[in-house]
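> below: sequence and its predicted model.
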Amino acid sequence: MLHLIANLTFRLLLCVVIAYLAWRQAEVIGLVFSSLIFGLALSSPILELVSHLKHAIKHGVFSNINGRHYVFQNISIDIIEDDNYACWLNLKDVRKVIEGFPRDSVINKMYPDDFIIDNKSGESRLRANALVNYLQDSSNVTAMKFKLWIEREVIFPRNTAHAWHKRS
């Protein structure tokens, strides 16, 4: 980014010198024609700088959710992955998708090994495989779609990626 600013500064300084010389030679007419030089010389570095800033801002905003952002029917689902490559879904987000999803205490009794309280956020999470098992018997259309989405978008890609990673 520093080279972009240096390039822009150099071109701006060069344009100012040319505009001054044009003003000294042809007064107002020289300034009019030197404005064309400003446009030609400064347009490219300004566009590069804006593009670089856009990418830097985007990286800064999304760096904390990199690899964790999933969306099901316009509902954001926070998913983390542990050291064993198991995916844990935030139950608060699951409840946004499935109305009437059981409380944390009930889920903890049903799946004690697959239920955790996240240390960083303090939110309750359920392992993706356990959630698929819970949704297996549901007759709710949204729950069935959500189960298929978890299998296709969360479990299968993670398992495939880690299987490929183990081969190499």
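Alright, I've got the coordinates.
> low-confidence ranges in this protein?
The model of the chain has pLDDT under 70 over residues 62-69, 157-168.
> ranges for the helices of it?
Counting by DSSP state H, the chain has helices at residues 2-62, 91-97, 104-110, 128-135, 141-149, 156-167.
> TSV for those, including mean neighbour count?
(Glycine included, C-beta is placed from N, CA and C.) Below are the helices of the chain laid out as TSV (neighbours: other CB atoms under 10 Å):
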stretch	mean neighbour count
helix 2-62	12
helix 91-97	17
helix 104-110	14
helix 128-135	19
helix 141-149	15
helix 156-167	10
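> tell me which of those sits nearest to residue 83.
helix 156-167 (11.7 Å; CB to CB).
> domain assignment for this protein?
For the chain, whose domains are defined here by automatic domain parsing, the residue ranges read 2-63, 67-167.
> longest strand in the chain, please.
strand 75-81 (DSSP state E).
> that strand vs helix 128-135, what angle?
130 degrees (axes from the mean of the first three to the mean of the last three CA atoms, to 10 degrees).
> which strands and helices sit next to strand 75-81?
Where contact means 3 or more CB pairs under 8 Å, 6 or more residues apart in numbering; DSSP states H and E, strand 75-81 is packed against strand 69-72, strand 87-90, helix 91-97.
> tell me how far the nearest residue to residue 26 once chain neighbours are set aside lies from residue 61.
Distance criterion CB to CB, 6 or more residues apart in numbering; nearest residue to residue 26, sequence neighbours excluded, is residue 33 at 7.6 Å. For residue 33, the distance to residue 61 equals 43 Å [CB to CB, to the nearest Å].
> and for residue 146?
27 Å.
> if we can go back for a sec, format the helices and strands packed on strand 75-81 as CSV; extra columns: distance to residue 122.
Formatted as CSV, these follow (distance: least, CB to CB, whole Å):
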stretch, distance to residue 122
strand 69-72, 20
strand 87-90, 11
helix 91-97, 11
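> what's the closest of these to residue 27?
strand 69-72 (58.7 Å).
> only C-alpha atoms, please: export that closest one in PDB.
Coordinates of the C-alpha atoms in strand 69-72 are reproduced here as PDB (Å, rounded to 0.1, in the frame of the first residue of the first chain):
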ATOM      1  CA  HIS A  69     -19.700 -18.300   8.100                       C
ATOM      2  CA  TYR A  70     -22.500 -20.400   6.800                       C
ATOM      3  CA  VAL A  71     -26.000 -19.400   5.700                       C
ATOM      4  CA  PHE A  72     -29.200 -21.500   5.500                       C
END
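> ok, residues contacting that strand?
Here strand 69-72 makes contact (CB atoms under 8 Å, 6 or more residues apart in numbering) with 62, 76, 77, 78, 79, 97, 146, 149, 153, 154.
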